[in-house]
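J.: A structural model of the following input is requested.
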Amino acid sequence: MQPTTHIKIAIVEDLKDVAYSLKEMFDGEQDMKCSQVYGSAEEAITFLPKSPPDVVIMDIGLPGMSGVEAIVTLREVMPNTQFCMFTVFEDDEKIFTSLKAGAKGYILKNSPNDKIISAARELYAGGAPMNPEIARKVINSFTTSKGSSLPLTPRELELLELLSQGLLYKEIGASLGITTGTVKQHIHKIYHKLQVNNRTEAINLYLNR
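T.: Next up is the predicted model:
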């Protein structure tokens, strides 16, 4: 049974083979339709507002104006459109610049097709799709800033963040890929550095309560 409405998708990508490969992929889904493909930010800014799509898959490294600059401009005239960066870049600066500009998703170009399709659906549904490695960078940045005034290493801050979420030692170990014994050693060092006696006191300091 065909869906009554389609997720309207636009692609802004200067590499034609990549752009039209994406278009073909989206058009192959029953609930999606890609009728707009542009090779530059300038083209997108000119034509997209005339027929705003639901989702825009935006390359960062476009010729001329960048994809990030395009989002800043387009969001003002297309407030209901969701933007997802589609790029090879994994560096922190580009990730956070994109998110600050208004992108709600950040997907790497080497992602499998099913992940890209899922990302578009998630974005349309109000989610914020990201590759696991990108999400990790985002989480780590908040972890570091939240406890930046504490005399702890980035690893200890990461562990304390998980502790503040109510995770058990074995759950923290599983999340970080370390043993429960190693988690306990880290916790002991954290308590010593912060001059506290228990989890509650450590978390209160971490959250600046």
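J.: find the nearest non-adjacent residue to the spatially most central residue of the chain, please.
T.: By C-alpha atoms, centre = their mean, the chain has its centre lying nearest to Met130, at 3.8 Å. Nearest residue to Met130 in three dimensions, chain neighbours excluded: Tyr106, at 5.0 Å (C-beta to C-beta, 6 or more residues apart in numbering). Every residue, glycine included, has its C-beta placed from N, CA and C.
J.: am I right that that neighbour is in a helix?
T.: No - according to DSSP: H, G, I helix; E, B strand; the rest coil, the state of Tyr106 is strand, so it is not within a helix.
J.: thinking again about what came up before, state the distance from the residue nearest to the centre of the chain to Gly166.
T.: 23 Å (C-beta to C-beta, to the nearest Å).
J.: so where does Ser118 fall, helix or strand?
T.: Per DSSP states H and E: Ser118 is located in helix 113-124.
J.: list the buried residues for that helix?
T.: 116-117, 119-120, 122-124 (16 or more other C-beta atoms under 10 Å).
J.: try stretch 65-77
T.: 66-71, 73-74.
J.: between the buried residues of helix 113-124, which sits nearest Cys34?
T.: Ala120 (9.5 Å; C-beta to C-beta).
J.: so how far is Leu48 from the closest one?
T.: Applying C-beta to C-beta to Ala120 and Leu48 gives a distance of 16 Å.
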